[in-house]
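Novice: This is the structure alone, sequence omitted:
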């Protein structure tokens with residue numbers, strides 16, 4: 001049964017992707033849209049074949065932007081979440097500001113980042129961090145606050161220090177919700193990287209999409225879009241794999 005479930009995890013997504021490509025191909029065959037509106041799967045595959053090396057180079061640029069920005073957001077988000085949890089006054093003072101910053105559409109902040117930091121790699125990293133740090137802060141804070149009351153009482157009863165309580169009880173209990181925040185944040189990191197590349201980049205898949213759109217090269221644009229989607233899915237699965245390795249006890253206590 002376990003082997004069948006493991007196989008289904010691979011087969012079902014591949015089946016869904018195949019059905020989507022089939023529907024795309026059928027739509028092109030039936031409605032004959034202009035290439036500038038919707039290229040055919042074959043045309044996109046030809047564009048990928050002609051510029052395979054170029055697309056992979058741009059994909060690596062985007063991948064490293066996403067990973068580095070995500071790592072910075074993870075560290076910063078965990079620290080901010082810990083600070084908000086540790087002090088009610090800090091929480092009440094700064095939580096509304098964090099919500100306000102998160103509520104602003106990040107595409108509106110992109111020109112500001114470009115003015116402050118210029119058309120640089122740092123500006124694109126800043127966009128990644130801006131988009132994905134809030135779910136991490138929320139997951140960290142919510143996880144630390146979800147410690148069962150009986151465990152907190154037990155820690156006080158055995159006179160555990162605050163550090164021992166944090167390391168042995170609160171942090172392990174917070175990890176499931178923290179990983180939920182990380183899994184929400186990872187696709188947002190890809191969005192932030194793409195926004196930065198679209199507005200002020202000279203490399204990366206977002207730059208390829210922008211340049212191909214300007215040249216009405218829809219086949220290349222769709223090839224870059226598909227590669228960006230594959231990168232995002234792969235990085236999301238990487239986060240899930242890390243969660244699976246680090247939190248085996250969660251699977252044993254949940255249905």
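Specialist: Structure received. Please read these numbers as outputs of a predicted model, since none were measured by experiment.
Novice: rest of the way, CA atoms for contacts and neighbours
Specialist: Will do.
Novice: in the stretch 151-255 of the chain, which spans are helices?
Specialist: 162-165, 171-200, 205-214, 218-246, 248-253 (DSSP state H, counting those that start in this stretch).
Novice: And the first one, what's buried?
Specialist: Of the residues in helix 162-165, those buried by neighbour count under the rule 16 or more other CA atoms under 10 Å are residue 165.
Novice: again, but for the third one
Specialist: Judged by neighbour count using 16+ other CA under 10 Å, the buried positions of helix 205-214 are 205-213.
Novice: Residues touching that helix, excluding its own?
Specialist: 55, 58-59, 61-62, 193-198, 201, 218, 220-222, 224-225, 227-228 (CA atoms under 8 Å, 6 or more residues apart in numbering).
Novice: Would you confirm that residue 185 contacts residue 129?
Specialist: No: here residue 185 does not reach residue 129: they are 9.5 Å apart, not a contact under CA atoms under 8 Å.
Novice: Overlap in contacts, these two.
Specialist: The contact lists of residue 185 and residue 129 share residue 70, where a contact means CA under 8 Å, 6+ apart.
Novice: elements contacting the host helix or strand of residue 14?
Specialist: Residue 14 is part of helix 2-31, with elements assigned from DSSP states H and E. Helix 2-31 sits against helix 41-50, with contacts defined as 3 or more CA pairs under 8 Å, 6 or more residues apart in numbering; DSSP states H and E.
Novice: on that earlier part again, which of the buried residues of helix 205-214 sits closest to residue 51?
Specialist: Nearest to residue 51 among these is residue 208, at 11.1 Å by CA to CA.
Novice: Relative to residue 54, how far out is the closest one?
Specialist: To residue 54, residue 208 is 9 Å away according to CA to CA, to the nearest Å.
Novice: next one: residue 222
Specialist: 14 Å.
Novice: again, but for residue 235
Specialist: 21 Å.
Novice: Please identify which of these two sits among more neighbours.
Specialist: residue 235 (19 against 13; other CA atoms under 10 Å).
Novice: list the contacts for that one?
Specialist: residue 186.
Novice: swap in residue 174?
Specialist: 139-140, 142-147 are the contacts of residue 174 under CA under 8 Å, 6+ apart.
Novice: residues contacting the residue nearest the centre of the chain?
Specialist: Central residue of the chain (CA atoms, centre = their mean): residue 186, 1.4 Å from the mean position. By CA under 8 Å, 6+ apart, residue 186 lies in contact with 70, 132, 232, 235-236.
Novice: go with 10 Å
Specialist: 66-67, 69-70, 128, 131-133, 135-136, 192, 232-233, 235-239 (CA atoms under 10 Å, 6 or more residues apart in numbering).
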